[in-house]
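Chemist: What would the 3D arrangement of this be:
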Amino acid sequence: MEASEDENKPNGADVVDDNPAVILDDLLNRANVLIDELKDFETRLHKYRQHSTFAFSHFRAAVQSECSVLDRGLARLEDEFSSQVARGSNLPFLEHLWWTAKKSKDVVALQKQVYLHSSGLDLVSRVQRLDFGNSDRRPDAQSRKEAVRIDVISDGGKTWHKVSLVTNTRLIFDLAKQGWDSDFSDDDDDADSRSSFENEAEDRDVPLLKTAKSLVKAANRSRVLTKHPVVQFVLPRIERGKMAEIDKILNAIEACGAHVTCKGDWQPPPPLLEALPFMVRDPVLQLSETLNIDCTILLALVSDISHAEVPEERSLPPDLQRQVDSEDESTLLPSILYPILGGRALVCTKEAAQRMREIVETMATPSERARTALLLGDGPSRTPEELVKELQQFSAYPVPAELRLPINTVVYNSQEAHSSLGAEAFGISERLTAINKSVFMHGWAAGQTTITSNRAAVKQLEHEIEKLEDVEDDCLPSIWVCSTSRSLAGKERRGQKSAAPPKLDGHSAPGLACKESNGVHASQITEEV
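Modeler: Numbers count the residues shown, from 1 in each chain. Predicted coordinates for the structure are as follows:
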């Protein structure tokens, strides 16, 4: 049950003026500022590739619609319509919702609808950046009847904000209109009195309290990183301590499990430039200093698809063609992986390295074999600088000097992992394959971010972690999931575009077709889910 929309539109114009033209002009200017800030926000989402998982199309459409209404109001100043628009504008509510977002960290959704009776509230993917995108499942009829909208979802999904601009006067008016009996005192503050008041308020259809109960119910049926979300009410026009009836309602909201911020506690938001780095964080800053590389990323780092251009005349299987198309749209190494890996220590488990070598031995091109030897430090001993320089001969893209080669092979120790994680968390490993056990459990136990494009394995791990309860964030695994993968190109020789193929140790490196770097910079990398 949503709070009445009218609650969010009292005194639509905040300008103290009776002239509709002045009011509408002020509202339209503010709406345009809001639209400009949303554009800057969306630009940052794209910069860190979080636009596909961020849910705010409904809010953006609401702001754009409000601008259109205000424009029509200004165009019809001679009509009563302009006065109605000035008095009833929803812009103040939209502004407060946005201001709440600007004061929050790790914002993942604006105005997200949740359904109380769906088969499990599948709101999130529990790997760092959480996915509040649209679900493929359609809500059933009962769910659509009992839905609540969360105005701002922040803290990576762990805090749900509900904003309302209802005032003390309006709330008392609503209570009186419903025949509310206000014959109670502040002394009636024992648990039985609060429970009785809460039930009576529910029966009397107090919108704020009904919404609070619905949101808390939804939060208690959801878990984000093993914990239930916190429900936070933002009531910037409600004052505590002014009226006993109002305080009773606020107490009842808090008694059902929600937190409340009223006028006296409300603080204005920071400027957008200060807020953006907290609203949408640079995912690189959240990675560990040592990165645990799984086999899927090892393959991407040596694949001809990542380093060279596939001739258009070559016929490819559909899955490889999709990878080539993806590479044409967004180059994996310079735009995503190199900025993530550069400057950090790189390790992989013995099992991942072994599996990598098996695949390379079976189906790699000569250039893919050469890159594998450089990546894993096979062959003669060479310095990291020498390895980077030689890898550059097999790539169309600049290889960053700060790439720390070779990737060091580590041995996964199950006993150490058990000691570090505890029996309950370690028990998850029994349901993983041998290679996934070594990769993900090593990263978890060692406190290292695991870099992978194995989404199936990550989903399985997420499913198992969901069964744990109230685990502190720093005790959970850190996983960075790349949404795109690269396979080896296979033994068939690939076309040449360069005048002469690059060489390594005096031997030709067949299969490499050079292509121009598109100039994508480190700032464009992202954590993708």
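
Chemist: how about stretch 437-453: buried residues?
Modeler: Under the neighbour-count criterion of 16 or more other C-beta atoms under 10 Å, stretch 437-453 has 437-446, 448-453 buried. Where you see a C-beta, it was placed from the backbone N, CA and C, and this is true even at glycine.

Chemist: For it, C-alpha coordinates in CSV please.
Modeler: Output of stretch 437-453 as CSV, limited to C-alpha atoms (Å, rounded to 0.1, in the frame of the first residue of the first chain):
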residue,chain,number,x,y,z
LYS,A,437,36.7,-24.6,-5.0
SER,A,438,40.3,-23.8,-5.4
VAL,A,439,39.7,-20.4,-7.1
PHE,A,440,36.8,-19.0,-5.1
MET,A,441,37.7,-20.4,-1.7
HIS,A,442,41.3,-19.3,-2.0
GLY,A,443,40.2,-15.8,-2.8
TRP,A,444,37.7,-15.7,0.0
ALA,A,445,40.1,-17.1,2.6
ALA,A,446,43.0,-14.9,1.5
GLY,A,447,40.9,-11.7,1.4
GLN,A,448,41.7,-11.3,-2.3
THR,A,449,39.3,-10.1,-4.9
THR,A,450,38.6,-12.9,-7.4
ILE,A,451,38.4,-11.7,-11.0
THR,A,452,36.2,-13.9,-13.2
SER,A,453,33.7,-14.1,-16.0
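
Chemist: show me where the stretch 301-450 of the chain has strands.
Modeler: Ranges of strands in the stretch 301-450 of the chain, per DSSP state E, counting those that start in this stretch, are 345-349, 408-410, 449-452.

Chemist: which one of those strands lies closest to Gly427?
Modeler: Between Gly427 and the strands of the stretch 301-450 of the chain, the shortest gap by C-beta to C-beta is with strand 449-452, which sits at 18.7 Å.

Chemist: Backbone dihedrals for the residue nearest to Gln267 when sequence neighbours are not counted, please?
Modeler: Excluding its sequence neighbours, the residue lying closest to Gln267 (C-beta to C-beta, 6 or more residues apart in numbering) is Lys103, at 7.2 Å. Backbone torsions of Lys103, given as degrees, to the nearest 10, read phi -90, psi 0.

Chemist: How many neighbouring residues does Lys103 have?
Modeler: As a burial measure, Lys103 scores 20 neighbours (other C-beta atoms under 10 Å).

Chemist: start the count at 4, not 1, going forward
Modeler: Fine by me, first position is 4 from now on; the one you just mentioned is Lys106.

Chemist: Run through the residues that contact it.
Modeler: By C-beta atoms under 8 Å, 6 or more residues apart in numbering, Lys106 lies in contact with 270, 272-273, 278.

Chemist: What about these, which one has the most neighbours?
Modeler: Result: Ala278 is most packed of those (other C-beta under 10 Å), 20 neighbours.

Chemist: list the contacts for that residue?
Modeler: Applying C-beta under 8 Å, 6+ apart to Ala278 gives the contacts 105-106, 272.

Chemist: phi, psi of it?
Modeler: phi -80, psi -40.

Chemist: That one and Arg47: what is the separation?
Modeler: Separation of Ala278 from Arg47 (C-beta to C-beta, to the nearest Å): 10 Å.

Chemist: Could you pull up phi and psi at Leu94?
Modeler: phi -60, psi -40.

Chemist: low pLDDT regions in this structure?
Modeler: By pLDDT under 70, the low-scoring segments of the chain are 4-20, 54-56, 119-149, 181-208, 312-317, 494-532.

Chemist: domains in it, as residue ranges please.
Modeler: 8-282, 286-527 (automatic domain parsing).

Chemist: Tell me the secondary structure of Val235, please.
Modeler: Heads up, residue 235 is Gln, not Val. Classification of Gln235 using DSSP: H, G, I helix; E, B strand; the rest coil returns strand.

Chemist: Contacts only, for it.
Modeler: With C-beta under 8 Å, 6+ apart, Gln235 has these contacts: 162-165, 261-264.
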